[in-house]
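Colleague: I need the structure of the sequence given here:
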Amino acid sequence: MDTHLDFNYEKFEEYAKTISNEGCILSIYNYFTQRDSLSMNEYTFNLDAGNYSVPVKDHHKVNWTVFKNREFIKTSNTIKFPPPNSLL
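Modeller: Predicted structure coming up:
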């Protein structure tokens, strides 16, 4: 979810609960401004700032929660992606 100019930003997680299925992953841009970082999964990856035409930080963090028992909760930080060839 990209929250740029979204005036309902703080309500998005509650709205998402009404349409989410068990196991749904929710990631919102700047999610850390809504929740305590200990209540979310987090993955940090390094960026090569020299590869961008605009100034960027040397890292980026992605936060997410998983919908379980009608709540978005922290689970394992492991994300299982399908093997690249299975997408073809």
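Colleague: please enumerate residues in contact with the longest strand anywhere in the chain?
Modeller: Counting residues, the longest strand found in the chain (DSSP state E) is strand 59-68. Applying Cβ atoms under 8 Å, 6 or more residues apart in numbering, the contact partners of strand 59-68 are 16-17, 20-28, 31-32, 35, 37, 39-47, 72-75. C-betas here are computed from N, CA, C, even on glycine.
Colleague: confirm T44 sits in a strand?
Modeller: Yes. According to DSSP: H, G, I helix; E, B strand; the rest coil, the state of T44 is that of a strand.
Colleague: OK, contacts around it?
Modeller: Applying Cβ under 8 Å, 6+ apart, we find T44 in contact with H59, H60, K61, V62.
Colleague: if we can go back for a sec, so which of the contacts of strand 59-68 are in helices?
Modeller: Counting by DSSP state H, the part of the contacts of strand 59-68 found in helices is A16, K17.
Colleague: now, of the contacts of strand 59-68, which are buried?
Modeller: A16, S20, L26, I28, Y31, M40, N41, F72, K74 (16 or more other Cβ atoms under 10 Å).
Colleague: a markdown table please, covering those and showing distance to P55.
Modeller: What follows is the buried ones among the contacts of strand 59-68, written out as a markdown table (distance: Cβ to Cβ, whole Å):
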| residue | distance to P55 |
| --- | --- |
| A16 | 32 |
| S20 | 36 |
| L26 | 29 |
| I28 | 24 |
| Y31 | 23 |
| M40 | 26 |
| N41 | 28 |
| F72 | 32 |
| K74 | 31 |
